[in-house]
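Engineer: coords below, sequence missing:
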C-alpha cells in the first residue's frame, strides 16, 4: 500500500561506498564490511528527528515507531532490500497452491520472544485478529488486504504451521506478509479481548513490557532525547558461522530535530550513522567538509520514487468554477509535463544529484520499470500548441493564457512547507509554467494539512507532494492503481471508474494480480504504465540520488535504498573495537 508523510517504504539497490569528500560513486555493487569477521559487542549510536507516536506498530505509522518495530519485532517473511525479493524469516519455508489462493507456512521451531515465552502459530493468529479488529482500529488493516475488502483467512493446523487463504488468486503471495510484525498473545491478548488494544503499548508503557521477536529490546525511552536498545538474549537468528546475532550489545537512537545538529555530531564522531537518507543539502554539507577518516558517504543510486504533481480530477470538484471546462483535461497535464525542463529541475531542486524521470516507477525498480516509458521532451512551444487545441491561448498578447470566455489559466498548487526539495520543486513548476502563460499560485502548508486536504476535504486545485511506494511490486500498491483505491490520489475511492482509462487500468490490474505467470504480470503492468503515461494523472519530473552516511567504525553494513538505508538489517551490524 502507499503511505504518506514519512510512512514506511521498503526498497533496495546495490550500493557503492565512497569516502567523504571523494568525487562521484562507483557502479560496482559493494557492501561496507570489515576485512575480518565482525566482532561481537559494542554500541552503535544514531539519530532520528522525532519521538515515536507509539510502541505498537499496529497503532502508528510514523517512521520512528516503524524503526522501533524493525529493531524489536519480526515478521513471517522479510523483503531483502538489497535484492527486492522475499526471504524466509519467522517462517522458514512455505508452499503455494497451484491456483495461488492458499499458502502453507512452516514456522521455525524453538523460537522465543524476548521474555523467553515460546513463539507459536497462536501468536500469528492473534496478530491477524488484532490487525482486523474494528475496536483496535489498526493502521495496517488496509495493507493486509489483497484488494478492497478482501482480507486474509488465517488458520493454524498445529503449533508450527499456518495456512493463509486469499479470497481470489493473489500472485505476490507471501510478499504481503512483510507488512505485519508478529505480536505476542501472552502480552497483548487481554487488551484485545477487553477492547483496550488501541491504547496498548503507548509511549508511556514501561520498556520492559514491550516484548518482541526482533534482535533488540527497548530498555529506555526519554522523550525528546533518546531511545536505548539492548541485545535480545533470546533472539533466534545466528550468523553463517553460528555466532548468535545481533553482534551489537547496545544501540542508541538520539532524538535530534535539527539536521544541522545531526551533521555536526556525525562529523564529530558522536553519531555512527544516519537513520534516514540524506537530503541534497546534507550531502553537500558533508562533502564540503572535506576528507575525514571518521565518516563515509554512501551513494545508494537513484531512488525508487519521485515527488509527484497532480491536479484534482474528482468529478464536480470545480462545479460552478469557470475553469471547470479545462482544468481537468488530459491536454493540460500533458502540456505541463512538456513545459517543465526536467534537467534544469533536477539540477535546481536536488542540487544536481538527480536525474529526469517520466513515470511512476524509476529504473531502480528493476523488475517492474517499463523501459518503454515515453521520454517527454522539454518543449514549451509544443506545450502551448497542445493548450491551443482546447482553446487556451494568449488572446491579448500579454503572455497570459485565457480560455474563450476570458478566464485566465490559473490554479493554486499546494505543497509542504519546510521541506526544501518540495518548496524548490513547486517554485520551479511555477516559474516554468509562467513562461507558457500559466499562472500558478503557491500555497505552502504543513505536511499534515496537505494530507488532510487531499485525503479528507479533497478541495484543492493541484498538489506537489511525495506519496511513497511501500513495495516495488505493483500488486501490493493497488490502492493507488485501482479507481476504488484509498490512495488513488487524483480521485479517491470511486464507486465506479470515472473514466474509461481508469476502468481499463482496473481490468488490467485484476488480471495482473491473479496471473501465476511472472512474464505475463510484467506485460500487463507495462500496459498499465502505458495507459498511465497516455493520460498522465500524475506528472513526475526528477528522481534524486539517495545518500546515507556512516562512521568508519561501523562494520558489516549492507546499505540499500529505503527509509532506513543502514538499519533495515540491524542484526548483522557490528562496530570495530
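Structural biologist: Structure's in. What do you need? In this text, all values refer to a predicted model and were calculated from it rather than measured experimentally.

Engineer: from here on, contacts and neighbour counts on C-alpha atoms
Structural biologist: Noted.

Engineer: domain ranges for this protein, per the record?
Structural biologist: Using automatic domain parsing, the domain parsing of the chain gives 1-51+217-296+547-577, 74-213, 308-540.

Engineer: could you export those domains as JSON lines, including distance to residue 58?
Structural biologist: Shown next, in JSON lines, are the domains of the chain (distance: least, Cα to Cα, whole Å):
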{"stretch": "domain 1-51+217-296+547-577", "distance to residue 58": "13"}
{"stretch": "domain 74-213", "distance to residue 58": "5"}
{"stretch": "domain 308-540", "distance to residue 58": "16"}
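
Engineer: out of the ones you listed, flag the one nearest residue 68.
Structural biologist: Minimum separation from residue 68 across these (Cα to Cα) falls at domain 1-51+217-296+547-577, 8.2 Å.

Engineer: what mean pLDDT does stretch 405-420 have?
Structural biologist: Stretch 405-420 carries an average pLDDT of 94.

Engineer: could you do stretch 70-83 as well?
Structural biologist: 96.

Engineer: which other residues reach it?
Structural biologist: Stretch 70-83 is contacted from outside by 10-14, 85-91, 174-175, 177-183, 211-218, 558-562, 568, 570, using Cα atoms under 8 Å, 6 or more residues apart in numbering.

Engineer: go on, stretch 219-238?
Structural biologist: By Cα under 8 Å, 6+ apart, stretch 219-238 touches 50-51, 111-116, 207-208, 213-218, 244-246, 248-256.

Engineer: out of these, which end up buried?
Structural biologist: 50-51, 111-115, 207, 213-218, 244-246, 248-256 (16 or more other Cα atoms under 10 Å).

Engineer: circling back to that earlier point, who wins for proximity to residue 57 among the domains of the chain?
Structural biologist: domain 74-213 (7.7 Å).

Engineer: kindly check the end-to-end length of the closest one for me.
Structural biologist: 5 Å (Cα to Cα, to the nearest Å).

Engineer: buried subset of the contacts of stretch 70-83, written for PyMOL?
Structural biologist: Remark: buried members of these, expressed as a PyMOL selection using 16+ other Cα under 10 Å:
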select buried, resi 10+11+12+13+14+86+87+88+89+90+91+174+175+177+178+179+180+181+182+183+211+212+213+214+215+216+217+218+558+559+560+561+562+568+570
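
Engineer: on that earlier part again, wait, which of the domains of the chain is closest to residue 66?
Structural biologist: domain 1-51+217-296+547-577 (7.0 Å).

Engineer: avg pLDDT for that closest one?
Structural biologist: pLDDT averaged over domain 1-51+217-296+547-577 gives 78.

Engineer: centre of the chain versus it, how much separation?
Structural biologist: On the basis of Cα atoms, centre = their mean, to the nearest Å, domain 1-51+217-296+547-577 sits 18 Å off its chain's mean C-alpha point.

Engineer: same deal with stretch 472-481?
Structural biologist: The answer for stretch 472-481 is 12 Å, by Cα atoms, centre = their mean.

Engineer: repeat that for stretch 522-537.
Structural biologist: Distance, centroid of stretch 522-537 to centroid of chain: 21 Å (Cα atoms, centre = their mean).

Engineer: got the buried residues for that stretch?
Structural biologist: Those would be 522-530, 532-533, 535-537, for stretch 522-537 by 16+ other Cα under 10 Å.

Engineer: just stretch 325-338 next, same as before
Structural biologist: Taking 16+ other Cα under 10 Å as the criterion, stretch 325-338 shows 326, 327, 328, 329, 331, 332, 333, 334, 335, 336, 337, 338 as buried.

Engineer: confirm the last one sits in a helix?
Structural biologist: Think residue 338. Yes: using DSSP: H, G, I helix; E, B strand; the rest coil, the assignment for residue 338 is a helix.

Engineer: that one contacts residue 375, correct?
Structural biologist: No: contact criterion Cα atoms under 8 Å: residue 338 and residue 375 do not qualify, at 9.9 Å.

Engineer: may I have the beta-bridge partners of residue 416?
Structural biologist: residue 445 (DSSP bridges).

Engineer: who's in contact with it?
Structural biologist: By Cα under 8 Å, 6+ apart, the neighbours of residue 416 are 422, 423, 444, 445, 446, 447, 450, 465.

Engineer: separation between it and residue 488?
Structural biologist: In terms of Cα to Cα, residue 416 sits 19 Å off from residue 488.

Engineer: please enumerate the helices of the stretch 401-550 of the chain.
Structural biologist: Secondary structure of the stretch 401-550 of the chain (DSSP state H, counting those that start in this stretch): helices at 420-434, 447-452, 478-481, 500-514, 518-535.

Engineer: closest to residue 169 out of these?
Structural biologist: That would be helix 500-514 among the helices of the stretch 401-550 of the chain, by Cα to Cα, at 4.8 Å.

Engineer: just want the angle from the closest one to helix 518-535.
Structural biologist: Angle, helix 500-514 to helix 518-535, by axes from the mean of the first three to the mean of the last three Cα atoms, to 10 degrees: 160 degrees.

Engineer: tell me what helix 500-514 is packed against?
Structural biologist: Contacts defined by 3 or more Cα pairs under 8 Å, 6 or more residues apart in numbering; DSSP states H and E place helix 500-514 against helix 478-481, helix 518-535.

Engineer: so what touches that helix?
Structural biologist: Contacts of helix 500-514 (Cα under 8 Å, 6+ apart): 100, 168-172, 475, 478, 481-483, 497, 520-522, 524-525, 527-528, 531, 535.

Engineer: residue 300 should be in a helix, yeah?
Structural biologist: No: with three-state DSSP as the criterion, residue 300 is located in strand rather than a helix.

Engineer: any idea of the mean pLDDT for stretch 507-522?
Structural biologist: Computed over stretch 507-522, the average pLDDT equals 94.

Engineer: and if you look at stretch 428-447?
Structural biologist: For stretch 428-447, the per-residue pLDDT averages 97.

Engineer: which residues are contacting it?
Structural biologist: 5, 336, 339-341, 345, 349, 380-381, 383-384, 394, 399-401, 408-418, 423, 426-427.

Engineer: give the buried residues for that stretch.
Structural biologist: 428-430, 432-434, 436-440, 442-444, 447.

Engineer: can you give me the offset of that stretch from its chain's centre?
Structural biologist: 26 Å.

Engineer: start and end of that stretch, how far apart?
Structural biologist: Termini of stretch 428-447 sit 20 Å apart (Cα to Cα).

Engineer: so who does the closest residue to residue 119 other than its chain neighbours touch?
Structural biologist: Excluding its sequence neighbours, the residue lying closest to residue 119 (Cα to Cα, 6 or more residues apart in numbering) is residue 112, at 5.1 Å. The contact partners of residue 112, by Cα under 8 Å, 6+ apart, come to 118, 119, 213, 234, 235, 236.
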